[in-house]
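In: My questions concern the predicted model and sequence given below.
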Amino acid sequence: MPDVRKAEKAGRMAKRDRARLLARFKQEMVNHPRLKAVRKQVRELFEDDDPASIVIIAGPGGVGKTSLLESLRREFGEQCLFLEARSANGRAYDNREHCRLLLEQLGDPAPDDHFDPDEAAARRRRGYRRPAVGRRATLSDLRIALERALPATGIECVLIDEAQHMFNAATGFRLQQQMDLIKSMSNISGVRHVLAGSTELLTLLELTPQLHRRCRVVRFTAYRHDSQKDRSQFLATFRALVQRIPLPEQGKLAAEFEYVLANSAGSVGPLKDWLRRALARALRKGLPSIDSKVLRETVLEPGAVQSMADEAGLCAGVAGGHLAETGSAAGPAGKDGPGRKHHRVQRKPAIDPVGPVHEAA
């Protein structure tokens, strides 16, 4: 009996060790060339005092949009607000909650200042104890409070991640109304809004010609297999991630580059998730490295890879990516493809926490 308990305890320790190594790798982040290039584009828009009040960062899932916003958030510090737009769940996006969450980040400064003093006093008598964020506050109350609070507190930009959630349940006039709300808030407050999300955000520019004047689009594309420069940069990023895998023998994994590039659709996020799955399996098996067999056991299904390639192709304005060892090639995506209509998709990705930044060569 004591031997059995000792073995069970050793097994629990091994499991904790595996969890610790996986958590450590999950926190790793490589500051890869595409991420640095897109960040430079966004910073130039701020530094050039571009009159556009809205910056749209559009790209397929996993390219690094959340990491980019986290980088900007660290740089601006207290001069920016960050919000991940919540899924509308089939209903209209909750703009009241949107404004309330931003106001709460500001500490709800001067909650009565956007009302006439007599009206504010009357509202408090009726139970509106904190009009700006109280449950009975209307969208108009919250908008006015936020439009006045943003410049008063020295905020320079509002960063919104997963911004496609704000528009998924809206169509026609309501879709334009939703975009006008953001545009109006940005114009009145004088604070630039940065919307980062999927390629669905690109359809917003079709609403009115005025949006083209008020918005600047930065495309955050995946690495393309048919570009030598992209291939070299993705290889450097792949090697940087491999170097941070907490296993003693990973030197041979770089030989799998072609297979990895094809089956990650050139996106760093899916690549890192794949390596994390492979690491978990290698650790469970007690292997000294992630070998070719483990890599193929943990690859995504061809359909999932094809879907990522289609989305990446839509953002880049070209056909989807190349799929090695699957026997298929991506075709035109969205409305550019024959017989296919562009449709709105509600994504619910799991976003990894951003950890220490490492430079890719």
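Out: Here it is on my side, so go on. Residues are numbered from 1 along each chain as shown.

In: show me where pLDDT drops low in this structure?
Out: Scanning the chain with the threshold set as pLDDT under 70 gives 1-13, 90, 109-115, 127-135, 169-172, 314-361.

In: residue ranges of the strands in it, please?
Out: Along the chain, the segments classed as strands by DSSP state E run 29-31, 54-58, 80-84, 157-161, 192-197, 215-219, 322-323, 328-329, 357-359.

In: Can you check which of these gets nearest to residue 311?
Out: strand 54-58 (10.5 Å; CB to CB). To be clear about C-beta, it is placed using only N, CA and C from the backbone, and glycine gets the same treatment.

In: what sits against residue 57?
Out: 38, 42, 65, 68, 194-197, 218, 220 (CB atoms under 8 Å, 6 or more residues apart in numbering).

In: Can I get those in a markdown table including distance to residue 76 and neighbour count?
Out: Formatted as a markdown table, the contacts of residue 57 follow (distance: CB to CB, whole Å; neighbours: other CB atoms under 10 Å):
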| residue | distance to residue 76 | neighbour count |
| --- | --- | --- |
| 38 | 16 | 21 |
| 42 | 11 | 21 |
| 65 | 17 | 25 |
| 68 | 13 | 25 |
| 194 | 10 | 25 |
| 195 | 16 | 25 |
| 196 | 14 | 27 |
| 197 | 19 | 25 |
| 218 | 17 | 21 |
| 220 | 19 | 23 |
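
In: and residue 193, what does it touch?
Out: Neighbours of residue 193 in contact, by CB under 8 Å, 6+ apart: 53-55, 157-158, 160, 182, 185-186.

In: Farthest pair within those residues?
Out: 55 and 185 (14.3 Å).

In: Give me the most central residue, the protein.
Out: residue 66 (3.5 Å; CA atoms, centre = their mean).

In: does that one really touch residue 163, like I thought?
Out: No: Residue 66 is beyond contact range of residue 163, at 11.6 Å (criterion: CB atoms under 8 Å).

In: Could you tell me which residues touch both of these two?
Out: residue 196.

In: Could you pull out the helices in the stretch 1-150 of the chain for me?
Out: 2-27, 33-47, 65-76, 95-105, 117-125, 139-152 (DSSP state H, counting those that start in this stretch).

In: want to throw those into JSON lines with distance to residue 281?
Out: Shown next, in JSON lines, are those (distance: least, CB to CB, whole Å):
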{"stretch": "helix 2-27", "distance to residue 281": "10"}
{"stretch": "helix 33-47", "distance to residue 281": "28"}
{"stretch": "helix 65-76", "distance to residue 281": "25"}
{"stretch": "helix 95-105", "distance to residue 281": "39"}
{"stretch": "helix 117-125", "distance to residue 281": "60"}
{"stretch": "helix 139-152", "distance to residue 281": "48"}
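
In: I'd like to know which of those helices is closest to residue 261.
Out: Comparing those by CB to CB, helix 33-47 comes nearest, at 13.5 Å.

In: next one: phi and psi at residue 220?
Out: phi -100, psi 90 (degrees, to the nearest 10).

In: returning to what we had before: dump the strands of the chain into TSV; add distance to residue 242 as well.
Out: Shown next, in TSV, are those (distance: least, CB to CB, whole Å):
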stretch	distance to residue 242
strand 29-31	10
strand 54-58	28
strand 80-84	30
strand 157-161	28
strand 192-197	28
strand 215-219	28
strand 322-323	21
strand 328-329	27
strand 357-359	12
